[in-house]
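Visitor: okay, structure incoming, though there's no sequence with it:
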Ligand code: NDP
Ligand code: 2IT
């Protein structure tokens, strides 16, 4: 049996209840086959794939807090420190009722390669909790965040592990967590990114993932004889990534006609009104029904359906496994030319394969959404030098990083005779640097 197949089999047997983790590992290892085969003896002796797929360590802890009625609630907290061979662990904190160890491990594993692709010195980690911020008062969110950080603070630090936002964790949650870290540890350090501008945050971090997604998409289109101008775009999600992807797409002359949340979706043929969307989602924390109620051109539909709308470009920006094979078929039938993942692993393996077979340009999340973590690393740099850069400075660095990522994965794909396969390109380019660092640092 090949080394890749052996490792895949062992991972499934060892971690049976973690389907998302299996999916992420399978995608990476499948596309690394040519690299592994070319170096099989060394990698086997080094047990490189076994070491790469086993986290350095993982923490699971109780998070008790008191709700507004005086009732004690208990959630589970996680932090998986996956790989720090190229820099301190770095990755977000997801707060969503679906969170479990397998989901945090898939996200942490993806983060290793994503962070490597940024070209910046950051390792891979991820964390979160099954706490649901939806419908909670600010006081309840603060109570949860303080309790979560009371435990998490034992494991993190500006030079060891630097968490950030993800689904359900935005500026409010990061603020409460930063306050608690400072109170417990007594140090003022850049231990979290995505901080408010008043206390060490970076300009453009809020926009970075969505903007970065569009910078990479535009470069991919350009290198394949297209551009963003005049394109019709379907976006899913309506959170941080979706909002700023929509804003940048509009700035580039495209028109975004859909957004969604976990209960329904909006079709707005005149183009999504970003200011209204921000008001509904960032200020009121309300449902998309409120967007539709305030916007005469918009139709609201219950359930899922974004990918049935005819578009040139699809940008899944909500969550994992939200674009299935039947969605991929609908996109191809409607003439879609490109799919770029704003979310982490939103496209199933079968859907990805179908899109690629049908010549749809496909940019995987670990490359396309790397602008968020890249700008987090720029926030770390600013914190270290105790300076703040202008919006333009950060934004232009972000743009350079995203263009560079695209060319790195394009080149890596070509080197292995897989021209245009950006999934393979991203996995290979991300892996090469991490593998080199792991081998150079010995068996640790
Ligand atoms: P937000 O919490 O701001 O928004 C998430 C959006 O996705 C919401 O519209 C939410 O709807 C929807 N959503 C979440 N879970 C589900 C679900 N199970 N089914 C349907 N819809 C769902 O998160 P972000 O925008 O920050 O994150 C979106 C994606 O981008 C995630 O995959 C995240 O890992 C990834 N990402 C985020 C980065 C960042 O910097 N924030 C960086 C790189 C990747 P509802 O409000 O109804 O729950
Ligand atoms: O998935 C991701 O890359 C993030 N949620 C951002 C991580 C970060 O450290 O900014």
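Guide: Yes, it's here. Values in this document were obtained by computation on a predicted structure and should not be read as measured data. Numbers count the residues shown, from 1 in each chain. Ligands and ions are numbered 1, 2, ... in the order given.

Visitor: what's the burial count for residue 37?
Guide: Residue 37 has 12 neighbours, counted by other C-beta atoms under 10 Å. For every residue, glycine as well, the C-beta is placed using N, CA and C.

Visitor: for the stretch 1-150 of the chain, which segments count as strands?
Guide: Secondary structure of the stretch 1-150 of the chain (DSSP state E, counting those that start in this stretch): strands at 57-66, 72-83, 89-95, 123-129.

Visitor: burial check on residue 317, number of neighbours?
Guide: Residue 317 has 30 nearby residues by other C-beta under 10 Å.

Visitor: looking at the strands of the stretch 1-150 of the chain, spot the one closest to ligand 2.
Guide: strand 89-95 (2.9 Å; C-beta to the nearest ligand atom).

Visitor: just want the residue of this protein that's nearest ligand 1.
Guide: Counting by C-beta to the nearest ligand atom, the chain gets nearest to ligand 1 through residue 239 (1.7 Å).

Visitor: would you turn the strands of the stretch 1-150 of the chain into TSV with mean neighbour count?
Guide: Listed next are the strands of the stretch 1-150 of the chain as TSV, based on neighbours: other C-beta atoms under 10 Å:
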stretch	mean neighbour count
strand 57-66	15
strand 72-83	21
strand 89-95	28
strand 123-129	30
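
Visitor: re earlier: ok, now which ones touch the residue of the chain closest to ligand 1?
Guide: 167, 281, 317, 318 (C-beta atoms under 8 Å, 6 or more residues apart in numbering).

Visitor: buried subset of those residues, written for PyMOL?
Guide: Buried residues within the contacts of residue 239, by 16 or more other C-beta atoms under 10 Å, are selected in PyMOL with:
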select buried, resi 167+281+317+318
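
Visitor: ok, which of the contacts of residue 239 also contact ligand 1?
Guide: 167, 317, 318 (C-beta under 6 Å from any ligand atom).

Visitor: residue 345 is in contact with the last one, correct?
Guide: Pointing back at residue 318 there. No. Look at residue 318 against residue 345 with C-beta atoms under 8 Å: they stay out of range, at 11.4 Å.

Visitor: distance of the closest residue to residue 74 other than its chain neighbours from residue 129?
Guide: Closest residue in space to residue 74, ignoring its immediate chain neighbours: residue 64 at 5.2 Å, by C-beta to C-beta, 6 or more residues apart in numbering. The gap separating residue 64 from residue 129 is 12 Å, by C-beta to C-beta, to the nearest Å.

Visitor: and for residue 20?
Guide: Residue 20 sits 16 Å away from residue 129, taking C-beta to C-beta as the criterion.

Visitor: and if you look at residue 272?
Guide: 31 Å.

Visitor: kindly report the same for residue 226.
Guide: Distance from residue 226 to residue 129, by C-beta to C-beta: 41 Å.

Visitor: ok, the residue lying closest to residue 149 once chain neighbours are set aside - contacts?
Guide: In space, and not counting its chain neighbours, residue 149 is closest to residue 180: 3.9 Å by C-beta to C-beta, 6+ apart. Applying C-beta under 8 Å, 6+ apart, we find residue 180 in contact with 145, 146, 149, 150, 153.

Visitor: of all these, which two lie farthest apart?
Guide: The most widely separated members of the contacts of residue 180, counting by C-beta to C-beta, are 145 and 153 (11.6 Å).

Visitor: more crowded one of the two?
Guide: residue 145 (28 against 17).

Visitor: so for the helix or strand the residue nearest to residue 149 falls within, mean pLDDT?
Guide: According to DSSP states H and E, residue 180 maps onto helix 171-185. For helix 171-185, the mean pLDDT works out to 98.

Visitor: now the element after that helix, going C-ward?
Guide: helix 205-222.

Visitor: what residues does the protein have near ligand 2?
Guide: Counting by C-beta under 6 Å from any ligand atom, the chain sits next to ligand 2 at 90, 91, 92, 114, 164, 166, 193, 344, 372, 373, 376.

Visitor: kindly recompute the last result at 8 Å.
Guide: Residues of the chain lying close to ligand 2 by C-beta under 8 Å from any ligand atom are 90-92, 94, 107, 110-111, 114-115, 122, 126, 162-166, 193-194, 205, 209, 344, 365, 369-370, 372-373, 375-377.

Visitor: what residue lies at the spatial centre of the protein?
Guide: Nearest to the mean C-alpha position of the chain, counting by C-alpha atoms, centre = their mean, stands residue 344 at 4.5 Å.

Visitor: residues contacting it?
Guide: Per C-beta under 8 Å, 6+ apart, neighbours of residue 344: 106, 107, 110, 319, 320, 365, 366, 369.

Visitor: torsion angles phi and psi at it?
Guide: The phi/psi pair for residue 344 (degrees, to the nearest 10) reads phi -90, psi 120.

Visitor: give me the nearest residue to it, chain neighbours excluded.
Guide: residue 365 (4.9 Å).

Visitor: how many neighbours does that neighbour have?
Guide: 23.

Visitor: was I right to think it contacts residue 339?
Guide: No. Using C-beta under 8 Å, residue 365 is not in contact with residue 339; the gap is 10.6 Å.

Visitor: burial measure for the nearest residue to residue 171 once chain neighbours are set aside, as a count.
Guide: The shortest distance from residue 171 to any non-neighbouring residue, by C-beta to C-beta, 6+ apart, is to residue 196 (5.8 Å). Neighbour count for residue 196, taken as other C-beta under 10 Å: 13.

Visitor: let's have the chain start at 48 instead
Guide: Taking 48 as the first residue, the last one we looked at is residue 243.

Visitor: contacts only, for residue 292.
Guide: Taking C-beta under 8 Å, 6+ apart, one finds 256, 257, 258, 260, 261, 282, 303, 362, 364, 389 in contact with residue 292.

Visitor: for the closest residue to the third one other than its chain neighbours, what are its contacts?
Guide: So the one you mean is residue 258. Once flanking residues are discounted, residue 258 sits nearest to residue 295: 4.7 Å by C-beta to C-beta, 6+ apart. With contact taken as C-beta under 8 Å, 6+ apart, residue 295 is in contact with 254, 257, 258, 260, 261, 262.
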